[in-house]
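# Structural data only, the sequence is not supplied:
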């Protein structure tokens, strides 16, 4: 029977070139999902071969198939429950012996296996000779050598997969002889088949071997399906104990040993190694990269380069991409109803708000693209394990992991990271406890968007000590992050699953352009898809909270009166000029819009010629309005120009007052006021509260909201001056408390979503939002109330706080956590 | 009885026994640390921990806290 659709799985050890094979087979038709209940990515792709549609699932790279890690569990469960027609075992052919260890475990699950010897180019270069036919004969399965990087052998592989999937008779694959244990295995197999119906679904021999290994998942299966599980599992435990007593060997060690022996035996008969192998190049490179002194220097260099290329250069690129986003905004402006003199149509402000929220995120795409590309290079080259090797000692003292290095660098170890890629790159940390700790502390690092508020406050309140204040704020986050991570590890994360550090130091590889660009594009797309949709949803909510209930009718009447006064004054001034009639009715509003357009068009134009062209264009659009905008020497036009400028300014002021009143009145404004009695002790008044609340959508919003709250009295007055004026009672101590709160500010919307994706639960997302808030309020209160009570200056409290944080960090670092292993 | 964590960079030995089971024991054998194999300590990390060892042309790094369960001779 030939079905028109088959399912195959790719299995292999890490660093065996499996993703290259996956890409070569499926091309661009791939998508990522999650395996249920865990945060392991499930990569699926498709291809068509000889009229058969083939669905390919790329299982996570694992060394073995035990039930100790989520990756191994999902791989195993997929094979057991989805029963793919073929499992393609991809292996690094130059590392045949070690890779066979996994092959045997796949074969034990009694599914059709095709062995794909990949990276044959490396084999040839090393002078290794593999007897493929003999290998196939000894293993009893099809073996296909390929060099997928250049596409060699792909057709062979496709044909073989097709043939094996279509064939009805099971292959006579090799069966490992477990020596002295076979006696025990046979007894258990007999019981298994006579006492349960499990044999119809799972391979009996596989289950038996797993039971002898003490595998937790298979025991659980027995407990579910066996009528007298306790007695049966008791017998298994007895068999394991008997074996260990009789042969002085732990059963699972014996099993692993026999597998390695079989692998060694096969490798010996099928492999010819070159005589006198020299020291591998990777090891020679490592004598620099992992060197006691050079290693850390190189690490700092790599981190610097990562920042420089993505944040600095990426930011430069946004100068070129921003105009496109700005166009999107002006398009929205053009498509929505025009504003009135003081009434802005709700649909217009809503559409613009949405576009602004989305644009704020889309603006980061160039940065993210470069960042994700660089991460892919780090991953593919093999530098990541070296990074972990160098940093593990330091981070593991605080409950983190060597592999927390990259996420923390991305999050902003000094200033100017972004928590979103930081959290997203936590995926690789094998230890669940450290991974969660890393995810939870990353939002406390200094992301790019927190910086404007710091700069604003430092410029106003620490103007005389800018360098100190900047140093304080840049480094304090690290001194908060490390102790907090340790505390989380000792408390809420205490019972989380841990994993041994033991890690392969793979040979270095030169990354392929295709692989790097592909991964960067894929991750940017994931970001856009998952995060932007949710940002839109929450932007709507915040819009409602900021807009409603709005301005009362009575106040609206007041503003209308103001408007009439301003327009009345204008017409009085231009009375008698030929322009007076032309600006009646709707034409006045048309002039305002024309004026706005002209002003913003002028802003984006450089050079004499371009300016002339622009002028000609606007003159063509409306010659009368143009005369008012560019009166030249015409006395009357000049007079109108002056009067109009005044009116324009009056309108702006009215709009601003209304915006301020709307925020004051809004639900968010009320929330800010309602919170004031509680936040007073931290030195936050309701205006600060509103700014902080609005920062949840994106941290940049805090400064923007403050900008709206502190009125501009004179044209061009900087926010620094306005805020200093608007908050006469504010002291450096207020500012310090506010900055510390900002360090500990809950993750922004996009980061919260990333936390949910990476931790796999809404619960952790909510926790990641709640605990920094509590901590922030407590610390800000301590700093503000404590500092006020002791009558210390902001600078004194800053130094005192820094000293305390440093002491706490050192103390936490020395607080020895118990060894994982008794 | 000597254990792997006590070995200095550059020294060699043969794995005699693993004195740990469950998660760590299984991980060690799965990563190729199993009795009978020769190993060589390549280096310690810049901050002493973890360490890197070579087994049969294959490089593995592990913490000293994990290496103390690997008995060598």
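Perfect, I can see it now. Since this is a predicted model, take the numbers as computed values, not measurements. Numbering: from 1, shown residues only, chains lettered A, B, ... in the order given.
# Quick one: name whatever helix or strand follows the helix ranked longest in chain B.
Taking DSSP state H as the criterion, chain B has its longest helix at helix B:22-30. Toward the C-terminus, helix B:22-30 is succeeded by strand B:38-45 as the next helix or strand (DSSP states H and E).
# Now look at whatever helix or strand comes next after that next one and say if it contacts chain A.
Next in sequence after strand B:38-45, counting helices and strands by DSSP H and E, comes strand B:48-55. Yes. Using Cβ under 8 Å from any Cβ of the partner chain, strand B:48-55 comes into contact with chain A via B:48-50, B:52, B:54. C-betas here are computed from N, CA, C, even on glycine.
# residue furthest from the geometric center of chain A?
residue A:576 (64.5 Å; Cα atoms, centre = their mean).
# just to revisit the earlier point, next, report how far the longest helix of chain B is displaced from the centre of its chain.
12 Å (Cα atoms, centre = their mean, to the nearest Å).
# again with stretch A:105-115
35 Å.
# Name the residues that touch that stretch?
A:11, A:64-65, A:76, A:79-80, A:83-89, A:91, A:103, A:135-136, A:139, A:141-144, A:157, A:160-161, A:164-165, A:167, A:170-171, A:173-176, A:203, A:205-206, A:209, A:259 (Cβ atoms under 8 Å, 6 or more residues apart in numbering or on different chains).
# from those residues, which are also near chain B?
Answer for those near chain B (Cβ under 8 Å from any Cβ): residue A:64.
# Strands - which of the contacts of stretch A:105-115 land there?
Those of the contacts of stretch A:105-115 mapping onto strands are A:11, A:86-89, A:91, A:142-144, per DSSP state E.
# Buried subset of these as a ChimeraX selection?
The command below creates a ChimeraX selection of those among the ones in strands among the contacts of stretch A:105-115 that count as buried (16 or more other Cβ atoms under 10 Å in any protein chain shown):
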select /A:11,86,87,88,89,91,142,143,144
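# Which one of the ones in strands among the contacts of stretch A:105-115 is nearest to chain B?
residue A:91 (13.5 Å; Cβ to the nearest Cβ).
# which residues does the nearest residue to the closest one once chain neighbours are set aside contact?
Excluding its sequence neighbours, the residue lying closest to residue A:91 (Cβ to Cβ, 6 or more residues apart in numbering or on different chains) is residue A:99, at 3.7 Å. By Cβ under 8 Å, 6+ apart, the contact set of residue A:99 is A:12-13, A:16, A:89, A:91-92.
# Point out the least confident one among those.
Taken together, these show their lowest pLDDT at residue A:16, with 84.
# OK, contacts around the closest residue to it other than its chain neighbours?
Closest residue in space to residue A:16, ignoring its immediate chain neighbours: residue A:92 at 4.3 Å, by Cβ to Cβ, 6+ apart. Shown in contact with residue A:92 (Cβ under 8 Å, 6+ apart): A:13, A:15-17, A:99, A:118-119, A:122.
# Top of the residues you listed by number of neighbours, please.
With neighbours defined as other Cβ atoms under 10 Å in any protein chain shown, the most crowded of the contacts of residue A:92 is residue A:118; it has 29 neighbours.
# And the pLDDT at the residue nearest to residue A:91?
For residue A:99, pLDDT reads 92.
# Helix or strand: which one has it?
helix A:96-108.
# Can you give the distance of that helix from its chain's centre?
34 Å.
# try stretch A:480-488
For stretch A:480-488, the distance to the chain centre is 21 Å (Cα atoms, centre = their mean).
# Show residues contacting it.
Stretch A:480-488 has contacts (Cβ under 8 Å, 6+ apart) with A:397-400, A:408, A:436-438, A:440-441, A:444-445, A:743-744, A:775, A:805, A:808-809, A:811-813, A:815.
# Give me the buried subset of those residues.
A:397-400, A:408, A:436-438, A:440-441, A:444-445, A:743-744, A:775, A:805, A:808-809, A:812.
# pretty sure residue A:252 contacts residue B:25?
Yes. Applying Cβ atoms under 8 Å, one finds residue A:252 in contact with residue B:25, separated by 7.1 Å.
# Give me the distance between the two termini of stretch A:571-580.
7 Å (Cα to Cα, to the nearest Å).
# Run the chain-centre distance for it.
That offset, for stretch A:571-580, works out to 60 Å (Cα atoms, centre = their mean).
# Can you tell me which helices and strands the helix or strand hosting residue A:781 packs against?
Using DSSP H and E, residue A:781 falls within helix A:762-781. Judged by 3 or more Cβ pairs under 8 Å, 6 or more residues apart in numbering or on different chains; DSSP states H and E, helix A:762-781 is in contact with helix A:432-441, helix A:732-743, helix A:749-759.
# Can you name the residue of the stretch 151-300 of chain A nearest chain B?
residue A:256 (4.0 Å).
# Please tell me I have it right and that residue contacts residue B:30.
Yes. Counting by Cβ under 8 Å, residue B:30 is a contact partner of residue A:256 at 7.2 Å.
# Now do the shared contacts for those two.
Joint contacts of residue A:256 and residue B:30 (Cβ under 8 Å, 6+ apart) are residue A:101.
# need the contact list for the residue of the stretch 151-300 of chain A closest to chain B.
A:101, B:26, B:29-30, B:34.
# returning to what we had before: can you select the buried ones among the contacts of stretch A:105-115 for me in ChimeraX?
Entered in ChimeraX, the line below selects the buried ones among the contacts of stretch A:105-115, by 16+ other Cβ under 10 Å:
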select /A:11,64,65,76,79,80,84,85,86,87,88,89,91,103,135,139,141,142,143,144,157,160,161,164,165,171,173,174,176,203,205,206,209,259
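# Residue numbers of chain B in contact with chain A?
Counting by Cβ under 8 Å from any Cβ, chain B sits next to chain A at B:18, B:20-36, B:42-43, B:45-50, B:52, B:54, B:56-63, B:65-66, B:69.
# Contacts only, for residue A:575.
Residue A:575 touches nothing, counting by Cβ under 8 Å, 6+ apart.
# scratch that, residue A:349 is what I was asking about
residue A:547.
# Quick check, pLDDT for it.
At residue A:349, pLDDT is 82.
# any idea how far residue A:362 lies from residue A:227?
According to Cβ to Cβ, to the nearest Å, residue A:362 and residue A:227 sit 60 Å apart.
# If you count surrounding residues, which of those two has more?
residue A:362 (20 against 8).
# wait, doesn't that one sit right on residue A:532?
Yes. Counting by Cβ under 8 Å, residue A:362 does reach residue A:532; the two are 7.4 Å apart.
# coming back round to it: which of the residues of strand B:48-55 next to chain A are buried?
So, of these, B:49-50, B:52, B:54 end up buried under the neighbour-count rule (16+ other Cβ under 10 Å).
# All good on my end, thank you.
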